[in-house]
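# this one's structure only:
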């Protein structure tokens, strides 16, 4: 048996993190017969500064919203809705029928519900007393 060292790295490199992510994506591809691919949608202000966006994992029949964020001074102005609408447009173009996202109860549950998502699961007391909530939207 070969020697394996276990290391703790408090500042892992992007390269090492990519190695882990690619390793699990390659493994999953054997069973899912596809490899998820990332894409992003960004919102810019009139100075071309990124003030929000969404990071998405695309699968053949689903999108997973990994991150959706809008800078605080731009919230409640429809930016998040516009980002999701662009994501819905991309789903239509790519024939994707469902979108998944997870959020904490203090983040954006009501926002997603207003956009047609519904709760499919909840991890109570996930982190420091806060619940993590999983949502889904079916696209027709």
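Alright, I've got the coordinates. For clarity, every value in this text was computed on a predicted model and none was experimentally measured.

# which residue ranges form the strands in the chain?
Secondary structure of the chain by DSSP state E: the strands cover 37-44, 50-58, 62-70, 98-104, 118-127, 130-138.

# of all those strands, which one is nearest residue 31?
strand 62-70 (15.0 Å; Cβ to Cβ). Just so you know, the C-beta spots here come from the backbone N, C-alpha and C atoms, and that holds for glycine as well.

# show me what that closest one is packed up against.
strand 50-58, helix 79-93, strand 98-104 (3 or more Cβ pairs under 8 Å, 6 or more residues apart in numbering; DSSP states H and E).

# contact partners of the second one?
By Cβ atoms under 8 Å, 6 or more residues apart in numbering, the residues outside helix 79-93 that reach it are 39, 41, 43, 51-54, 56, 63, 65, 68, 70, 96-97, 99, 108, 111, 115, 139.

# rewinding a little: so which of the helices and strands packed on strand 62-70 comes closest to residue 29?
Across the helices and strands packed on strand 62-70, residue 29 has its closest neighbour in strand 50-58 (12.9 Å, Cβ to Cβ).

# so how far is that closest one off the chain centroid?
Its chain's C-alpha centre and that of strand 50-58 lie 8 Å apart, by Cα atoms, centre = their mean, to the nearest Å.

# also stretch 38-56?
Using Cα atoms, centre = their mean, the offset of stretch 38-56 from its chain centre is 14 Å.

# show me what contacts the residue positioned nearest the centre of the chain?
Compute the mean C-alpha point of the chain, and by Cα atoms, centre = their mean the closest residue is residue 66, 1.3 Å away. Going by Cβ under 8 Å, 6+ apart, residue 66 touches 38, 55-57.

# done for today, thanks.
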